[in-house]
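J.: Build me a structure from this.
(one chain, ligands or ions: 1)
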Amino acid sequence: MAQETARTRWGRLVQDMVDSMGSSLAKNSITAPKKAEGLEIQHQLRFLRQEVVNDDKLTPLDLHRDVDERWYNERLGASSQLSWRAAPWLFAECYLYRRVQALFSGSVYWHGHDIFKEQKDSSFTNSRTAVQELAAQYNINVQRRPGQEDASDVVSFKKFSDMMQVALWGNATDLSLLSRPTFEDLQSLQKKQASTAMVVDDDLDQLWSYMTSPEYETSDRQIDIVLDNAGFELLTDLVLAVYLLDQDFAKEVKLHTKVFPWFVSDATPADLESLMTMLRSQEMFPTREFIDPLCDRIAQLTSTGKIVITQHWFWTTGSAFSEMPTRAADLLRYLRERDLVIFKGDLNYRKLTGDGLWPHTTPFKSALGPLGARSGLKVLALRTNKADVCVGLESDDRVRALDKESPGGGWLRTGKYGVISFSDGE
Ligand SMILES: O=P(O)(O)OC[C@@]1(O)O[C@H](CO)[C@@H](O)[C@@H]1O
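T.: Numbering: from 1, shown residues only. Reported below is the predicted structural model:
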């Protein structure tokens with residue numbers, strides 16, 4: 001899968017960036033100096049594409065003041081003469097997006113430009129049906145209404161499970177895998193995803209035990225969600241945040257976005273604003289019955305500081321999270337104070353597990369290394385499987401059954417299967 005990605009997907013991704021710059025440059029409103037600089041960036045992107053396609057050596061980043069540049073260069077220095085295809089997949093792909101960012105952050109007129117914005121917004125527009133369904137599901141089945149009796153444990157667990165699954169399967173939409181998905185592509189990805197049978201490591205019961213334990217109930221109930229994709233997945237994450245707050249599972253939810261555009265569809269703070277603007281659009285969503293109350297609730301929780309947006313540079317490095325103790329000790333200290341940290345998506349999962357070729361029956365906690373046993377971190381991964389690493393399976397028999405059910409690594413790579421993996425950090 002790594003070779004296939006490096007040989008075909010990266011070149012296509014960078015070509016899409018060249019085309020996107022072409023559309024931005026064709027706009028009449030653009031000034032001459034901005035155009036000239038934009039043409040240079042487009043030229044550099046073509047050059048980058050050629051490097052990737054030729055499998056050239058990776059070159060050091062120019063050093064500015066950004067804290068992560070040295071990290072990339074040290075890594076390149078330590079493994080000198082790495083070419084695009086010889087470098088570890090995870091590192092090379094992160095480096096690719098960092099190179100693109102350097103072109104924009106070093107510019108005068110294109111500083112802050114999000115080359116993926118159009119793709120992200122149009123994929124959300126094409127997710128209209130799923131958005132309406134999600135808003136209806138939340139309003140009808142989940143939201144606690146005034147005077148509503150406390151639900152039984154069985155009903156509460158069912159809602160809890162449904163909400164976790166909504167956020168899990170929201171991760172099936174991923175623009176770095178699907179270039180310009182159509183309305184039909186997204187519809188089929190987002191239509192009610194299969195059941196818990198597709199969850200190959202399911203720690204929901206352990207998570208529920210923790211979150212209904214006296215230890216948790218007397219804690220500060222502060223939850224963090226390390227986000228993945230913008231658009232529909234981000235909406236599912238917001239719905240999860242609202243649910244956790246409204247059901248008193250959380251007193252505060254912090255959402256970690258990326259500091260710059262990353263892996264095409266990853267969420268930045270601006271994406272969150274776009275999402276709310278699009279949701280408020282009568283033209284895009286003429287039926288307001290369920291969307292308005294959801295938008296109002298999100299806005300209220302945000303303005304009262306119950307939902308908070310935050311960022312950290314560490315999320316856009318190529319580091320495995322096992323390097324957090326040495327690379328981002330401040331972040332680790334902070335996360336240890338929180339009562340649950342939810343990591344969304346495939347890339348976060350690959351970084352959590354060091355993208356290692358673990359036997360699939362390795363316990364999730366072991367694959368987390370220093371973030372696992374005795375770390376004090378409560379980690380939950382909600383991830384649809386889009387790369388070869390996957391741990392926490394109950395037995396070799398289960399692995400064999402999956403290999404039979406979905407041959408050729410299908411259960412690992414297609415995003416149709418997923419994990420709900422929990423580590424209590426003890
Ligand atoms: O993190 P996400 O959005 O779930 O997935 C990111 C992704 O598309 O990019 C990676 C590299 O190609 C793969 O691991 C994965 O398929």
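J.: Near the ligand, which residues of the protein? Just list them.
T.: Where the chain comes near the ligand, counting by Cβ under 6 Å from any ligand atom, the residues are 5, 93, 171, 174, 176-177, 228-229, 263, 345-347, 350, 386-387. (Each C-beta comes from the backbone N, C-alpha and C, glycine too.)
J.: domain assignment for this protein?
T.: For the chain, automatic domain parsing gives the domain ranges 2-105, 117-423.
J.: right, so the ones you listed: which one is the most enclosed?
T.: Comparing the domains of the chain on average neighbours per residue, with mean count of other Cβ atoms under 10 Å, the densest one is domain 117-423 at a mean of 18.
J.: What's the end-to-end length of it?
T.: 34 Å (Cα to Cα, to the nearest Å).
J.: Could you pull up the mean pLDDT of that domain?
T.: Over the span of domain 117-423, the pLDDT mean works out to 91.
J.: what do you get for stretch 90-107?
T.: Per-residue pLDDT over stretch 90-107 has a mean of 95.
J.: any idea how far it is from the chain center?
T.: With Cα atoms, centre = their mean, to the nearest Å as the basis, stretch 90-107 stands 18 Å off its chain's centre.
J.: so Leu380 makes contact with Leu340?
T.: Yes - distance between Leu380 and Leu340: 6.2 Å, which falls inside the contact criterion (Cβ atoms under 8 Å).
J.: Now do the SS call for Ile309.
T.: Secondary structure, DSSP: H, G, I helix; E, B strand; the rest coil: Ile309 is strand.
J.: Make sure it is actually in contact with Pro269.
T.: Yes - in this structure, Ile309 is within contact of Pro269 by Cβ under 8 Å, at 5.6 Å.
J.: Common neighbours of those two, please.
T.: Thr257 (Cβ atoms under 8 Å, 6 or more residues apart in numbering).
J.: Any figure for the gap between the residue most central in space within the chain and His256?
T.: Closest to where the C-alpha atoms of the chain average out (Cα atoms, centre = their mean) is Asp228, at 1.3 Å. Relative to His256, Asp228 is positioned 10 Å away (criterion: Cβ to Cβ, to the nearest Å).
J.: can you check Val18 too?
T.: Here the criterion is Cβ to Cβ. By it, Val18 lies 30 Å from His256.
J.: now the end-to-end length of stretch 216-231.
T.: In stretch 216-231, first residue to last residue: 31 Å (Cα to Cα).
J.: can you give me the offset of that stretch from its chain's centre?
T.: Worked out by Cα atoms, centre = their mean, stretch 216-231 lies 14 Å from the chain centre.
J.: Please enumerate residues in contact with the helix or strand encompassing Leu380?
T.: Taking DSSP states H and E as the definition, Leu380 sits inside strand 379-384. With Cβ under 8 Å, 6+ apart as the test, strand 379-384 has contacts from 164, 167-169, 171-172, 203, 207, 340-346, 348-349, 352, 364, 368, 371-372, 415-423, 425.
J.: and that strand, which strands flank it?
T.: Using DSSP bridges, the strands paired with strand 379-384 in its sheet are strand 340-344 (parallel), strand 418-423 (antiparallel).
J.: Show me what the last one is in contact with.
T.: Applying Cβ under 8 Å, 6+ apart, the set of residues contacting strand 418-423 from outside is 164-165, 168-169, 171-172, 198-204, 206-207, 210, 349, 364-365, 368, 371-373, 377-385, 390-392.
J.: and what of stretch 92-112?
T.: By Cβ under 8 Å, 6+ apart, the residues outside stretch 92-112 that reach it are 5-6, 10, 13-14, 17, 31, 33-34, 37-38, 41, 44-45, 48, 52, 58, 61-62, 64, 66, 68, 72, 82, 84-85, 87, 113, 115, 260-263, 316-318.
J.: And stretch 15-24, by the same measure?
T.: Outside stretch 15-24, the residues touching it (Cβ under 8 Å, 6+ apart) are 30, 38, 41-42, 45-46, 49, 100, 113, 115-116, 118-119, 179-180.
J.: From the residues you listed, pick the one nearest the ligand.
T.: Looking at these and their distance to the ligand, the nearest is Ser179, at 11.3 Å (Cβ to the nearest ligand atom).
J.: what about Leu234, distance to Thr316?
T.: Applying Cβ to Cβ, the value for Leu234 to Thr316 is 17 Å.
J.: And for Asp62?
T.: Shown here: Asp62 relative to Thr316, a distance of 17 Å by Cβ to Cβ.
J.: cool, Val341 as well?
T.: Shown here: Val341 relative to Thr316, a distance of 17 Å by Cβ to Cβ.
J.: tell me the contacts of Ile223?
T.: Contact partners of Ile223, counting by Cβ under 8 Å, 6+ apart, are 241, 244, 249-250, 252-254, 338-342.
J.: Those in helices, which ones?
T.: Here DSSP state H is the test, and those give 241, 244 as lying in helices.
J.: can you pull the contacts of the closest residue to Glu394 other than its chain neighbours?
T.: In space, and not counting its chain neighbours, Glu394 is closest to Thr361: 7.4 Å by Cβ to Cβ, 6 or more residues apart in numbering. The neighbourhood of Thr361, defined by Cβ under 8 Å, 6+ apart, consists of 391, 393-396, 399.
J.: cool, Gly170 as well?
T.: Listed by Cβ under 8 Å, 6+ apart, the contact set of Gly170 reads 190, 229, 232-233, 235-237.
J.: try Thr268
T.: Applying Cβ under 8 Å, 6+ apart, one finds that Thr268 lies in contact with 114, 230, 257-262.
J.: before we move on, the earlier item: mind putting the contacts of Gly170 in TSV, secondary structure included?
T.: Compiled in TSV, the contacts of Gly170 are given as follows (three-state DSSP):
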residue	secondary structure
Gln190	helix
Asn229	strand
Phe232	helix
Glu233	helix
Leu235	helix
Thr236	helix
Asp237	helix
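J.: and of these, the nearest to Ser406?
T.: When the contacts of Gly170 are compared for distance to Ser406, the smallest value, 20.1 Å, is given by Gln190; criterion: Cβ to Cβ.
J.: just how off-centre is the helix or strand hosting Pro325 within its chain?
T.: Here Pro325 is covered by helix 324-327, with elements defined by DSSP H and E. How far helix 324-327 lies from its chain's middle: 21 Å, per Cα atoms, centre = their mean.
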